[in-house]
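S.K.: Model the structure of this input:
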Amino acid sequence: MRQPHLLIALACLQIFVISCHKIDHSGTGGGPTPPAETYINYSIQGRVTEQNGTPIEGATIKSSGAASVTDVSGYFNLTNVNSSDQNAIVTVEKAGYFKVSRSFVPQVGNTNSVYITLLTRSDFKTVDANAGGLVSFTSGVEVEFPSKAFITSTV
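M.R.: A predicted model of the protein is given here:
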């Protein structure tokens, strides 16, 4: 009668030992190694406009520590920008508009062109969180929120 219990115990122990394995926390995972990141120096030019194409003057443009401001025609130029050759980010800010960021793969030896459209922040609407409601914008877009669609998170 003791042998079946001993066999079951040995089988469970064998399954436990076989299923245990070392977890690789090195980040390499045994897969291919990603290419090394290289930093390059380049220029960015572009234009910032409103949705209707009107140029935006005085918008602040930033990328990897370089900064500029758009002229009366909405144009800007950043020189000596230094970032990864894999990804660059341009951020545009101006009061009364939503902040916009655009990423691209920079090309060394070329002037990189970026065209950005800013959206005005004037279309603010209020919806009762418990009752829900329909929000209509001047552009004709409508968004309906059902009752209790919004929750408060403590995370």
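S.K.: Identify the residues contacting the strand or helix carrying I61?
M.R.: Following DSSP states H and E, one finds I61 within strand 60-63. Strand 60-63 has contacts (CB atoms under 8 Å, 6 or more residues apart in numbering) with 44, 46, 48, 67-70, 76, 78, 81, 83, 88-94. (Glycine included, C-beta is placed from N, CA and C.)
S.K.: among those residues, which ones are buried?
M.R.: Those of these that meet the buried threshold are 44, 46, 48, 68, 70, 76, 78, 81, 83, 88, 90, 92, 94, by 16 or more other CB atoms under 10 Å.
S.K.: Name the nearest residue to the last one, ignoring sequence neighbours.
M.R.: Right, K94. A59 (4.1 Å; CB to CB, 6 or more residues apart in numbering).
S.K.: Distance check, that neighbour against D85.
M.R.: Going from A59 to D85 by CB to CB, to the nearest Å gives 27 Å.
S.K.: So which of those two has more stuff around it?
M.R.: Just comparing A59 and D85: by other CB atoms under 10 Å the higher neighbour count belongs to A59, 22 against 15.
S.K.: From S43, how far out is the residue nearest to K94?
M.R.: 18 Å.
S.K.: ok now stretch 127-146, how far from the chain's centre?
M.R.: With CA atoms, centre = their mean, to the nearest Å as the basis, stretch 127-146 stands 26 Å off its chain's centre.
S.K.: Repeat that for stretch 78-93.
M.R.: Counting by CA atoms, centre = their mean, stretch 78-93 comes out at 15 Å from the chain centroid.
S.K.: Between the two ends of that stretch, how far is it?
M.R.: For stretch 78-93, the first-to-last residue distance is 15 Å (CA to CA, to the nearest Å).
S.K.: what about I56, how many residues close to it?
M.R.: For I56, using other CB under 10 Å, the count is 20.
S.K.: Could you verify my assumption that it touches E50?
M.R.: Yes - I56 lies in contact with E50 (CB atoms under 8 Å); the separation is 6.1 Å.
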